[in-house]
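Engineer: Sharing a model prediction with you, sequence too.
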Amino acid sequence: MELPAVNLKVILLGHWLLTTWGCIVFSGSYAWANFTVLALGVWAVAQRDSIDAISMFLGGLLATIFLDIVHISIFYPRASLTDTGRFGVGMAILSLLLKPLSCCFVYHMYRERGGELLVHTGFLGPSQDRGAYQTIDSAEAPADPFAVPEGRGQDARGY
């Protein structure tokens with residue numbers, strides 16, 4: 001199943017609105033964490049070919065999923081909530097619920113920019129990529145054809 005093409009700017013705008021409305025009730029660390037991640041998203045928009053920018057944004061989104069759960073669960077106002085407070089809490093929870101979907105879209109963009117698959121099926125087993133690996137006791141010639149073995153063709157002074 002192919003994911004629909006979603007513009008990164010739309011994801012940023014949606015999370016910016018929801019985070020701004022969530023800051024009606026939750027401020028401080030909630031605002032710092034989410035707006036910092038949104039700044040990474042702006043960096044990913046500005047540098048369209050950068051794998052680093054999109055991977056940092058993806059990692060930040062994943063981290064804020066955990067941080068938002070902790071923040072909302074600790075600082076949820078149990079005492080009388082006004083309508084505005086209820087709206088702010090609802091928007092913060094909606095932002096939290098949309099973040100996994102945003103992570104899927106951003107991960108798809110990460111792969112389109114040339115990023116490698118982060119999840120390996122045998123990550124505890126031996127690596128499958130041995131293309132550039134050469135054992136120490138290998139009798140094969142070095143990769144550099146102009147390399148001179150030590151002690152041949154040069155004296156100690158380098159002449």
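Structural biologist: The structure has been received and is ready for your questions.
Engineer: so what secondary structure elements neighbour the helix or strand hosting Ala63?
Structural biologist: Assessed by DSSP states H and E, Ala63 sits inside helix 51-75. Using 3 or more CB pairs under 8 Å, 6 or more residues apart in numbering; DSSP states H and E, the elements in contact with helix 51-75 are helix 29-46, helix 83-112. Heads up, the C-betas are built off the backbone N, CA and C, glycines and all.
Engineer: for Thr64, what are its contacts?
Structural biologist: Neighbour list for Thr64: Ala33, Asn34, Val37, Lys99 [criterion: CB atoms under 8 Å, 6 or more residues apart in numbering].
Engineer: Thr82: which of these is nearest?
Structural biologist: Closest to Thr82 out of the contacts of Thr64 is Asn34 (22.3 Å), distances taken as CB to CB.
Engineer: what's the burial count for the closest one?
Structural biologist: 27 (other CB atoms under 10 Å).
Engineer: re earlier: output the helices and strands packed on helix 51-75 as JSON lines; include the columns distance to Ile69 and mean pLDDT.
Structural biologist: Shown next, in JSON lines, are the helices and strands packed on helix 51-75 (distance: least, CB to CB, whole Å; pLDDT from 0 to 100):
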{"stretch": "helix 29-46", "distance to Ile69": "11", "mean pLDDT": "93"}
{"stretch": "helix 83-112", "distance to Ile69": "7", "mean pLDDT": "92"}
